[in-house]
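Asks: Return atomic coordinates for the entry below.
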Amino acid sequence: MAYFDAASGAPLHPVARQALQASLDEGWADPARLYREGRRARMLLDAAREAAAEAVGCRTDELTFTSSGSRAVHTGISGALAGRRRVGRHLIVSAVEHSSVIHSAEVFEAGGGSVTEVPVLRTGAVTVDSYEGALRADTALACLQSANHEVGTEQPVEAVAEVCRAAGVPLLVDAAQSLGWGRVPGDWSLLAASAHKWGGPSGVGLLVVRKGVRFAPQGPADERESGRAAGFENIPAIVAAAASLRAVRAEAAQESLRLRELTELIRSRVPRLVPDVEVVGDPERRLPGIVTFSCLYVDGETLLHELDRSGFSVSSGSSCTSSTLTPSHVLKAMGVLSEGNVRVSLPAGTTAQDVERFLEVLPGAVADVREKLGAPVATATSARADSLVVDALGRRCPIPVIELAKVIGDVPVGGTVRVLSDDEAARLDIPAWCEMRGQEYVGEEPADHGTAHVVRRVT
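Replies: Numbers count the residues shown, from 1 in each chain. You can find the predicted model right below:
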């Protein structure tokens, strides 16, 4: 088996395992107590905080340990917004933030706040000008990830932090995907991260609030972690998280070069091995171990099962998932193909042999899925000589796109195909198919049921 889903959760680092086992015997007591066992636990907690703060590049009294990265985000956003409520109730986020940021923004908006969602380029990156243009006199907080969780694109955090600082607006950075590779540059104000992303144990997050940032923790007051994280600290897990962060940083420079070579191999060879594939994300400004691509006429979840049976654990930001049947908000914001999406995120220690074996298996897996999906008989009627209507109502992607591909050759150049669909993903995948195949997406038209997506044949 080859585990290629490190962006979801990296395997436990050997140093984390050793630190966890050692601290189970020493760090079980209450660090707030003055007796010997409590003092020993406090020493472990303080040492872990110092190590984590050094890795982040902050003061120890600015760093709080939380129960998860998502909890760090939720606490950071709510506390910063509450601390600056006299300034205003305006929040800025990018369109490709992690769900923890998106959900926090939804709660804030439901409570009467206003949220500006900054769009991204096709690579998944924001522009500095877009953030600067979103700033207002009543902006209380801006949020920006250091790198995208789905496609690995790195964001211009340093430059965005500069324009936010000039406007007097704090910037919260979700550094979950990148902190294991290095410090986040720039004059940011708040930072959140999660240990399981760099090989530490799950259940440990970091929240950094710089001195001078107005911050009012929400919820019942608690004496622990400066009142920012309620409950008894999980000292063994915290110690393991800090130890593994230091360890992966020591290995980062060498491992980064190696993983970049492997992901570049995937990026370059997949389009040659598999027809009708779009590799997404920035080709240069990206994290070392993540590469994402989307396959036409493929259901992402089905492809994941095929790859799992072949010994590869990967993830998908597919627009069609059995649980939601909705497009990935990241791929949708980027305007790229979402069907048949595969994210490969390589953990430290991945071998070239593993990658070569994946590239050998992938073409057959994609072909098998396409064959299994087949091309259901389209209900197509001729409206006029140069126009066809394809009824794909009730069929989820990639079926509407498959049906479109089957009949586009049946209309003359300049003719149109109207695809009737009630699948939300069609709004993204049909225009993406047109761009990939050199056809013109005319737009949407109202229909008695669902939406008519109009495509004009160009070639």
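
Asks: I figured residue 188 was touching residue 169, is that so?
Replies: No: Residue 188 lies out of contact with residue 169 (CB atoms under 8 Å); the separation is 11.2 Å. Quick note: C-beta positions are derived from backbone N, CA and C, even for glycine.

Asks: Checking residue 403 next. Helix, strand or coil?
Replies: When classified by DSSP: H, G, I helix; E, B strand; the rest coil, residue 403 comes out as helix.

Asks: what's the distance between it and residue 233?
Replies: Distance of residue 403 to residue 233, computed by CB to CB, to the nearest Å: 56 Å.

Asks: where does this structure dip in pLDDT?
Replies: Counting by pLDDT under 70, the low-confidence segments of the chain come to 317-326, 375-385.

Asks: quick one: the helices in the protein?
Replies: Secondary structure of the chain by DSSP state H: the helices cover 14-26, 36-56, 69-83, 99-110, 128-134, 157-166, 235-273, 300-309, 329-334, 352-373, 399-407, 426-437.

Asks: quick one: buried residues of the longest one?
Replies: Within helix 235-273, the residues that qualify as buried are 235-249, 251-252, 255-256, 258-259, 262-263, 265-267, 270, counting by 16 or more other CB atoms under 10 Å.

Asks: Identify the residues contacting the residue nearest to the spatial centre of the chain.
Replies: Among the residues of the chain, the one closest to the centroid is residue 149, at 2.4 Å (CA atoms, centre = their mean). Residue 149 makes contact with 7, 98, 176, 177, 330, according to CB atoms under 8 Å, 6 or more residues apart in numbering.

Asks: okay, those in JSON lines with neighbour count and distance to residue 399 next?
Replies: Formatted as JSON lines, those follow (neighbours: other CB atoms under 10 Å; distance: CB to CB, whole Å):
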{"residue": "7", "neighbour count": "25", "distance to residue 399": "29"}
{"residue": "98", "neighbour count": "23", "distance to residue 399": "30"}
{"residue": "176", "neighbour count": "29", "distance to residue 399": "35"}
{"residue": "177", "neighbour count": "27", "distance to residue 399": "33"}
{"residue": "330", "neighbour count": "27", "distance to residue 399": "23"}
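
Asks: what domains does the record give for the chain?
Replies: As assigned by automatic domain parsing, the chain contains the domains 9-248, 251-373, 379-456.

Asks: Would you agree residue 24 is in contact with residue 234?
Replies: No: with contacts defined as CB under 8 Å, residue 24 does not count as touching residue 234, sitting 10.8 Å away.

Asks: what residues are up against residue 123?
Replies: Taking CB under 8 Å, 6+ apart as the test, what residue 123 contacts is 153, 281, 282, 283, 285, 334.

Asks: Try it again at 10 Å.
Replies: 148, 151, 153-154, 280-286, 334, 336 (CB atoms under 10 Å, 6 or more residues apart in numbering).

Asks: are any of these buried, and which?
Replies: By neighbour count, with 16+ other CB under 10 Å, those hold 148, 151, 153, 154, 280, 281, 282, 286, 334, 336 as buried.

Asks: any chance of the domains of the chain in CSV, with distance to residue 2 too?
Replies: As requested, these are exported to CSV (distance: least, CB to CB, whole Å):
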stretch, distance to residue 2
domain 9-248, 12
domain 251-373, 5
domain 379-456, 26
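
Asks: Figure out which of the ones you listed is closest to residue 3.
Replies: Among the domains of the chain, the nearest to residue 3 by CB to CB is domain 251-373 (4.8 Å).

Asks: Show the end-to-end separation of the closest one, please.
Replies: Distance across domain 251-373, first residue to last, is 44 Å (CA to CA, to the nearest Å).

Asks: I'd guessed residue 175 sits against residue 186; true?
Replies: No: at 11.0 Å, residue 175 does not count as touching residue 186 under the criterion of CB atoms under 10 Å.

Asks: overlap in contacts of these two?
Replies: 146, 157.

Asks: Which of the two has more residues huddled nearby?
Replies: Higher neighbour count among residue 175 and residue 186: residue 175, with 27 against 19, using other CB atoms under 10 Å.

Asks: picking that back up, quick one, which of the domains of the chain is nearest to residue 1?
Replies: That would be, of the domains of the chain and by CB to CB, domain 251-373, which comes in at 5.0 Å.

Asks: roughly how far out does stretch 449-459 sit from the chain middle?
Replies: When C-alpha coordinates are averaged (CA atoms, centre = their mean, to the nearest Å), stretch 449-459 and its chain have centres 31 Å apart.

Asks: State the number of residues packed around residue 39.
Replies: For residue 39, using other CB under 10 Å, the count is 12.

Asks: Quickly list what's touching both of residue 24 and residue 234.
Replies: Contact criterion CB under 10 Å, 6+ apart; residues shared by residue 24 and residue 234: residue 240.

Asks: Contacts only, for residue 179.
Replies: Residues near residue 179 by CB under 10 Å, 6+ apart: 52, 55-56, 69, 146-147, 173, 191-195, 197-198, 206, 245, 248-249.

Asks: May I have the beta-bridge partners of residue 206?
Replies: Counting by DSSP bridges, residue 206 is bridged to residue 65, residue 193.

Asks: what about it, distance to residue 119?
Replies: 29 Å.

Asks: ok so, going back, looking at the helices of the chain, which is closest to residue 344?
Replies: helix 235-273 (6.1 Å).

Asks: sorry, back to before: need the helices of the chain in JSON lines with distance to residue 211, can you?
Replies: Converted to JSON lines, the helices of the chain look like this (distance: least, CB to CB, whole Å):
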{"stretch": "helix 14-26", "distance to residue 211": "29"}
{"stretch": "helix 36-56", "distance to residue 211": "13"}
{"stretch": "helix 69-83", "distance to residue 211": "13"}
{"stretch": "helix 99-110", "distance to residue 211": "23"}
{"stretch": "helix 128-134", "distance to residue 211": "24"}
{"stretch": "helix 157-166", "distance to residue 211": "14"}
{"stretch": "helix 235-273", "distance to residue 211": "21"}
{"stretch": "helix 300-309", "distance to residue 211": "45"}
{"stretch": "helix 329-334", "distance to residue 211": "33"}
{"stretch": "helix 352-373", "distance to residue 211": "45"}
{"stretch": "helix 399-407", "distance to residue 211": "53"}
{"stretch": "helix 426-437", "distance to residue 211": "43"}
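
Asks: wait, which of those helices is closest to residue 227?
Replies: Evaluated over those, closeness to residue 227 peaks at helix 69-83, with 9.7 Å, by CB to CB.

Asks: Can you list the helices and strands that the closest one packs against?
Replies: The helices and strands touching helix 69-83, judged by 3 or more CB pairs under 10 Å, 6 or more residues apart in numbering; DSSP states H and E, are strand 63-66, strand 90-94, helix 99-110, strand 139-145, strand 171-174, strand 190-194, strand 205-209.

Asks: residues in contact with residue 28?
Replies: Contacts of residue 28 (CB under 10 Å, 6+ apart): 37, 40, 41, 235, 236.

Asks: redo that, cut-off 7 Å
Replies: By CB atoms under 7 Å, 6 or more residues apart in numbering, the contact list for residue 28 is empty.

Asks: next one: residue 62
Replies: Residue 62 sits next to 208, 209, 210, 211 when contact means CB under 7 Å, 6+ apart.

Asks: Go through the residues you listed and say which is closest to residue 356.
Replies: residue 208 (40.3 Å).
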